[in-house]
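Colleague: Quick one: sequence and predicted model below, then my questions.
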Amino acid sequence: MQSEHIEGYEIEYAGVLLPSDDGWAAHVAIYGPSPNPMHRNCIFADQGVSVDTVFPNAESAEAEAHKVALSMLASVTHHGAGDTK
């Protein structure tokens with residue numbers, strides 16, 4: 001699972017092999033700022049995104065997950081989630 005820090009938020013994204021071995025799914029988790037560095041504030045628990053798409057490989061699923069995570073994060077920060085710096 002890849003992770004990235006953006007404006008105080010942490011996004012995790014990955015391609016996950018489907019149980020049927022027929023392809024890959026995109027997964028995302030987003031954590032918000034927390035006053036305690038030992039605790040992550042989960043604002044979007046790890047789950048599948050773009051669920052109508054089965055990806056042919058882990059890389060394409062991961063790329064889609066990253067794109068969705070950035071879009072979700074933009075909507076969270078755009079609506080005034082607080083000072084994230």
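Modeller: Yep, that arrived. Numbering: from 1, shown residues only.

Colleague: and Glu12, how many neighbours?
Modeller: Residues near Glu12, counting by other Cβ atoms under 10 Å, number 19. (C-beta placed from N, C-alpha, C; glycine too.)

Colleague: pLDDT at it, what is it?
Modeller: Note for Glu12: predicted pLDDT of 96.

Colleague: which helices and strands does the helix or strand harbouring it pack with?
Modeller: Taking DSSP states H and E as the criterion, Glu12 maps to strand 9-17. Under the contact criterion of 3 or more Cβ pairs under 8 Å, 6 or more residues apart in numbering; DSSP states H and E, strand 9-17 touches strand 2-6, strand 24-32, strand 41-49, helix 58-78.

Colleague: change it to 7 Å
Modeller: Helices and strands touching strand 9-17, as assessed by 3 or more Cβ pairs under 7 Å, 6 or more residues apart in numbering; DSSP states H and E, comprise strand 2-6, strand 24-32, helix 58-78.

Colleague: could these be laid out in JSON lines, adding mean neighbour count?
Modeller: JSON lines is the format used below for those (neighbours: other Cβ atoms under 10 Å):
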{"stretch": "strand 2-6", "mean neighbour count": "12"}
{"stretch": "strand 24-32", "mean neighbour count": "22"}
{"stretch": "helix 58-78", "mean neighbour count": "17"}
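
Colleague: Compile the ones you listed into CSV and extend it with columns for distance to Ser50 and mean pLDDT.
Modeller: Shown next, in CSV, are the helices and strands packed on strand 9-17 (distance: least, Cβ to Cβ, whole Å; pLDDT from 0 to 100):
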stretch, distance to Ser50, mean pLDDT
strand 2-6, 16, 91
strand 24-32, 5, 96
helix 58-78, 5, 91
